[in-house]
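Colleague: quick one, structure for this:
(chains A and B)
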Amino acid sequence: MNIRDPESMNEIIGNVLRYGVMVSAVVVLFGTVLLANSSGTSDTSGILTYYPNQVPHGTYDVSFQGLITGLASFSAYSWIELGVIFLIATPVSRVLISVFLFLAERDRLYVAITTVVLALLLFSMLVTPFIPFFHA
Amino acid sequence: MLVFEFIILIFVVSIFAGIFGSIVGLGGGVVVIPVLTILLGVDIHFAIGASIVAIIGTSSGAASTYVKDRVTNLRVGMFLELASASGAIVGAAVAAYTNSPLLELVFGVILLITVIPTLMKIGEDIPKSPELKGLSKRLGLRGAYTETDGRLIEYNATRPVSGLAGTAAAGVLSGLLGIGGGGFKVISMDLAMKLPMKVSTTTSNFMIGVTAASSAGIYFARGDVNPLIVAPVALGILIGAAIGARILLKSRNPTIRKAFALVLAVAAAQMILTAIGVIH
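Modeller: I've put the predicted structure just below:
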């Protein structure tokens, strides 16, 4: 596969998406098996209660430290969260790879377009959750 | 309900959501949200968190097939992402300061109105392709794909600025409510840019994952992404999207348009019902 060949762009982007969802699906499935194993016969009401006055609104840990310790102790929620993070990362990687593919094609206009899209995407994913203006 | 029953039910529903969502370019949220809220009484915030995951799953799951088959127009998608990504940030910023039921009502009514021009084109196979000129030419907004009957369809896009404006509205809506962007994206490409229906829905499908990912961080941090709900949603959606992608490649444009008009009307009705408090 020659990355300078415009035709191979579809193949490469298609593969990034395909492998991204595969990894995500395997990890989510593993977490789901853990969940069914640990609490399959419990009632859902405990997990499905939404707490409007506390953040996070659920009963599960969404912090980075919580995720790491949860993964180490085979917590179902943490493994599912990791799978979801892989899923969210898939379209982001697709945009990132596109920048390089357009660079290889020497298509300056689209290098600029995809770079701006990537910047906007990373800004809203990683920065806006920490700006109070976005919460009010 | 027991945890394992809930997982199986949501898994099955999500397979259907993935099939529909990947064909019409709206993502699976439009099916997942009402089942969770109306049928199972799950809080709307958790339902929207699940919808974000459903949209990313539908998008990435089906796009791998569409992109390899060259139905998706990568340049059109990436160009329009400029508008949807900016719109999503604006939407997220104003969300905290505006009356969202009112906006939801306005967007819902606009979507419902756009069903009419979509229906007026029912039966259209391939639109008469405009000449490639101006900004569209500079941006290389043209493409070709093979139809179900083996014809090579070559097409050009027109009115890229109108397309950008419609997609910006899609982005604002996604950033504001976490839902509803796909409909405006398809309409922008179908009505403004005059792309073949298949190209419009699959290119929308390609873009919605990026738009949803941009607001995923904030929903995740708030704890709106509930593992019990999103696990069966993600698994079902990915299977459904793989099936839906195969169905789309074998379907004709008029069939896809009918499916799109139907799902669009349901999505619009859902937004209006949520705005006036029937769904909560």
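
Colleague: B:Asp190 contacts B:Thr202, correct?
Modeller: No: counting by C-beta atoms under 8 Å, B:Asp190 does not reach B:Thr202; the two are 11.9 Å apart. C-betas here are computed from N, CA, C, even on glycine.

Colleague: residues of the lowest-mean-pLDDT helix or strand in chain B that come out buried?
Modeller: Each helix and strand of chain B was given a mean pLDDT (mean pLDDT, DSSP states H and E); the minimum falls on helix B:100-120 at a mean of 85. For helix B:100-120, a neighbour-count test (16 or more other C-beta atoms under 10 Å in any protein chain shown) marks B:Leu103, B:Glu104, B:Leu105, B:Phe107, B:Gly108, B:Ile110, B:Leu111, B:Leu112, B:Thr114, B:Val115, B:Thr118 as buried.

Colleague: now B:Ile279: which helix or strand?
Modeller: Assigned by DSSP states H and E, B:Ile279 falls within no helix or strand.

Colleague: what's it in contact with, if anything?
Modeller: B:Ile279 is in contact with B:Pro34, B:Thr37, B:Ile38, B:Ile44, B:Gln270, B:Leu273, counting by C-beta atoms under 8 Å, 6 or more residues apart in numbering or on different chains.

Colleague: grab the nearest non-local neighbour of B:Val67.
Modeller: A:Gly14 (4.3 Å; C-beta to C-beta, 6 or more residues apart in numbering or on different chains).

Colleague: report how many residues lie close to that neighbour.
Modeller: 20 (other C-beta atoms under 10 Å in any protein chain shown).

Colleague: need the residues of the stretch 51-200 of chain B near chain A, please.
Modeller: Residues of the stretch 51-200 of chain B lying near chain A by C-beta under 8 Å from any C-beta of the partner chain: B:53, B:56-57, B:59-61, B:63-65, B:67-68, B:70, B:74-75, B:78-79, B:81-82, B:85-86, B:88-89, B:92-93, B:95-97, B:138-139, B:175.

Colleague: can you tell me which residues contact B:Met271?
Modeller: So B:Met271 contacts B:Glu104, B:Leu105, B:Phe107, B:Gly108, B:Leu111, B:Leu177, B:Ile179, B:Gly180 (C-beta under 8 Å, 6+ apart).

Colleague: try 10 Å this time
Modeller: The contact partners of B:Met271, taken as C-beta atoms under 10 Å, 6 or more residues apart in numbering or on different chains, are B:30, B:101, B:103-112, B:173, B:177, B:179-180, B:183, B:279.

Colleague: do B:Thr37 as well
Modeller: Applying C-beta under 10 Å, 6+ apart, the residues contacting B:Thr37 are B:Asp43, B:Ile44, B:Phe46, B:Ala47, B:Ile48, B:Gln270, B:Thr274, B:Ile279, B:His280.

Colleague: which of those residues tops the neighbour count?
Modeller: Highest neighbour count within the contacts of B:Thr37: B:Ala47, with 27 neighbours (other C-beta under 10 Å).

Colleague: tell me the pLDDT of residue 87.
Modeller: If you meant another chain, say so; for now it's chain A. Looking at A:Leu87, its pLDDT is 97.

Colleague: meant chain B, my bad for not saying
Modeller: The model's pLDDT for B:Gly87 equals 93.

Colleague: so what's the backbone phi/psi at it?
Modeller: The phi/psi pair for B:Gly87 (degrees, to the nearest 10) reads phi -60, psi -40.

Colleague: in space, what's closest to B:Ala259 - neighbours in sequence excluded?
Modeller: B:Val24 (5.4 Å).

Colleague: okay, the one you found: pLDDT?
Modeller: pLDDT, B:Val24: 94.

Colleague: next: B:Met193.
Modeller: Reported pLDDT for B:Met193: 96.

Colleague: same check on A:Met125?
Modeller: pLDDT, read off for A:Met125, is 88.

Colleague: what do you get for A:Val16?
Modeller: In this prediction, A:Val16 has a pLDDT value of 95.

Colleague: next: B:His280.
Modeller: Model confidence at B:His280 (pLDDT) stands at 67.

Colleague: next helix or strand past the helix or strand where B:Gly236 lies?
Modeller: Assigned by DSSP H and E, B:Gly236 falls within helix B:227-250. Following helix B:227-250 in sequence order, the next helix or strand is helix B:253-275 (DSSP H and E).

Colleague: brilliant, that's me finished.
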